[in-house]
Structures are given as C-alpha cells and as structure tokens.
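Peer 1: the following block contains a protein sequence and its predicted model.
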Amino acid sequence: MSEIPNNLKNQINTAAYFLSQKSHPYDTLCWMLAERELFIQFNFIRPQTEKIRKRAARIFFSKPPYDVLCWLIAEKDILFKSKMFKKSTKPTFYL
C-alpha cells in the first residue's frame, strides 16, 4: 500500500487515542486487529471465527504494545471509512 496522506494520519492518531481510552482488554484488541487483517486478506469477506482466533493468538503472543495495537486497528478502520481498500464493501466490525 502507498504512503498514508497526512490528513488520514491525523485521523488515525485521533481514532487510536479514543480507542485506547476505552481500555479494552489486550486480548480484545488482538481479536479486533486479527479480524480486520483477515477481512483484508480474504478480499473483504468476513473470515471464519477459527481463523480469527488463530490470528489473534499469533498477535497476542508476539506482544505488540497496547498503543501499537490501537494504532493498527484505527488505521484499518480509517482506511475502510475513507474507502482506500474497496468502495463497495463496508466491514461489520466498526467500533
């Protein structure tokens, strides 16, 4: 993917901040990120729960910092909302 424009970076930073303020458990953030990554990987089709579970476990055990998880989730949400990924498909997991 190409460089993210500055206006979207600002939106991502803001969304990540607000997501972090919700104080979701770490494993919930891992699940949220896994769900979004697989949604992209499987061409914007909702992935099976078992696939999400496996990806979430991989993310969990790689131990990214809490703020990084929030930023990555926010990044995907903002890019979905800005329709950079695909114009006709809306994910079902908005915060």
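Peer 2: The structure has been received and is ready for your questions.

Peer 1: use CA for all of it now, contacts and neighbours both
Peer 2: Will do.

Peer 1: against Ala15, how distant is the residue nearest to Leu19 when sequence neighbours are not counted?
Peer 2: Take Leu19 and drop its neighbours on the chain: the residue closest to it by C-alpha to C-alpha, 6 or more residues apart in numbering is Cys70, 6.2 Å away. According to C-alpha to C-alpha, to the nearest Å, Cys70 and Ala15 sit 8 Å apart.

Peer 1: neighbour-wise, which of those two wins?
Peer 2: Using other C-alpha atoms under 10 Å as the criterion, Cys70 and Ala15 rank with Cys70 on top: 25 against 20.

Peer 1: pretty sure that one contacts Thr28?
Peer 2: No: at 10.7 Å, Cys70 does not count as touching Thr28 under the criterion of C-alpha atoms under 8 Å.

Peer 1: what mean pLDDT does the helix or strand containing Tyr17 get?
Peer 2: Assessed by DSSP states H and E, Tyr17 sits inside helix 6-21. In this model, helix 6-21 has a mean pLDDT of 93.
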